[in-house]
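Asker: I'll drop the sequence and a predicted model, then ask my questions.
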Amino acid sequence: MSGALPVLYSFRRCPYAMRARMALDVAEIELEHREILLKDKPAEMLAASPKGTVPVVVLPGDQIIDESLDVMRWALGRNDPEEWLDDVAEGEGLIAENDGPFKHHLDRYKYATRYEGAVAEEHRREASRFIEKLEIRLQASAQLTGEKVRLADIAVFPFVRQFANTDRDWFETQSWPKVHAWLGAHLASDRFQRIMAKHALFVSRAA
Ligand SMILES: N[C@@H](CCC(=O)N[C@@H](CS)C(=O)NCC(=O)O)C(=O)O
């Protein structure tokens, strides 16, 4: 049974969880944060969402939201003070490309040894096509879908962060000045700093 507040199961370094936490923060949703380890998921989380991915939100009344974009849409549907949902259709294609092909190549670039036959540089080259698209967009406007921060910026930047961090020196020598500035600004934001605060690990109450 859940308590009065929504419960969030999260893992600090997960980009899906980051984007959910960004939306929960801007929407000022009060919640109980339960920090987990992916290699040791608490029984409470798996009982709520057997697929075993973070983020998971359990609402009072036990409704479960276990897809990060759904968490974002739910939170912003309740309170969207910075209008991240405005013109949301503009960013749908970008988010789909981020979550699909870009993430596919990002995983094989970052964790090449986990994928048989994967050559990191080849996947980095494929993933770079997406970064180049972002660069072109950011040459035209300050954010990905216009001048203001919208859902697509928040949904995408945690994955670009992961791509950048895989080899910082290499990333910084690429001629993507707008992407560098856009990513840098999102990472430096108070909100991002806040959602990256460290939490003590949730201690499962299951025997
Ligand atoms: N489509 C899901 C994907 C979430 C996801 O894959 N999260 C990763 C961590 S970044 C996870 O929980 N993986 C399970 C595991 O590693 O055991 C979403 O958007 O919420």
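Answerer: Cool, the structure landed.
Asker: go through stretch 29-40 and flag the buried ones.
Answerer: Across stretch 29-40, burial judged by 16 or more other C-beta atoms under 10 Å covers 29, 31, 33-36. For the C-beta atoms, the positions are set from N, CA and C on the backbone; glycine is no exception.
Asker: could you do stretch 114-129 as well?
Answerer: So for stretch 114-129, counting by 16+ other C-beta under 10 Å, buried means 120, 123-124, 126-128.
Asker: enumerate the residues of this structure near the ligand.
Answerer: Contact residues, the chain versus the ligand (C-beta under 6 Å from any ligand atom): 11, 14-16, 38, 52-55, 67-69.
Asker: in ChimeraX, select just the buried ones from these.
Answerer: Buried members of the residues of the chain next to the ligand, defined by 16+ other C-beta under 10 Å, are picked up in ChimeraX with:
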select :11,14,15,16,53,54,55,67,68,69
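Asker: can I get the residues of the chain next to the ligand in JSON lines with pLDDT and secondary structure?
Answerer: Shown next, in JSON lines, are these (pLDDT from 0 to 100; DSSP: H, G, I helix; E, B strand; the rest coil):
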{"residue": "11", "pLDDT": "98", "secondary structure": "coil"}
{"residue": "14", "pLDDT": "98", "secondary structure": "coil"}
{"residue": "15", "pLDDT": "98", "secondary structure": "helix"}
{"residue": "16", "pLDDT": "98", "secondary structure": "helix"}
{"residue": "38", "pLDDT": "98", "secondary structure": "coil"}
{"residue": "52", "pLDDT": "98", "secondary structure": "coil"}
{"residue": "53", "pLDDT": "98", "secondary structure": "coil"}
{"residue": "54", "pLDDT": "98", "secondary structure": "coil"}
{"residue": "55", "pLDDT": "99", "secondary structure": "coil"}
{"residue": "67", "pLDDT": "98", "secondary structure": "coil"}
{"residue": "68", "pLDDT": "98", "secondary structure": "helix"}
{"residue": "69", "pLDDT": "98", "secondary structure": "helix"}
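Asker: determine which two of the residues of the chain next to the ligand are furthest apart.
Answerer: By the measure C-beta to C-beta, 38 and 69 form the most distant pair in the residues of the chain next to the ligand, at 19.4 Å.
Asker: and the chain, what are its domain boundaries?
Answerer: Split into domains by automatic domain parsing, the chain comes to 7-83, 88-189.
Asker: need the distance between the two termini of stretch 137-156.
Answerer: End-to-end distance of stretch 137-156 (C-alpha to C-alpha, to the nearest Å): 13 Å.
Asker: make JSON lines from the buried residues of stretch 114-129 and add secondary structure, pLDDT and distance to residue 196 to it.
Answerer: Formatted as JSON lines, the buried residues of stretch 114-129 follow (DSSP: H, G, I helix; E, B strand; the rest coil; pLDDT from 0 to 100; distance: C-beta to C-beta, whole Å):
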{"residue": "120", "secondary structure": "helix", "pLDDT": "97", "distance to residue 196": "26"}
{"residue": "123", "secondary structure": "helix", "pLDDT": "98", "distance to residue 196": "26"}
{"residue": "124", "secondary structure": "helix", "pLDDT": "98", "distance to residue 196": "25"}
{"residue": "126", "secondary structure": "helix", "pLDDT": "98", "distance to residue 196": "28"}
{"residue": "127", "secondary structure": "helix", "pLDDT": "98", "distance to residue 196": "23"}
{"residue": "128", "secondary structure": "helix", "pLDDT": "98", "distance to residue 196": "26"}
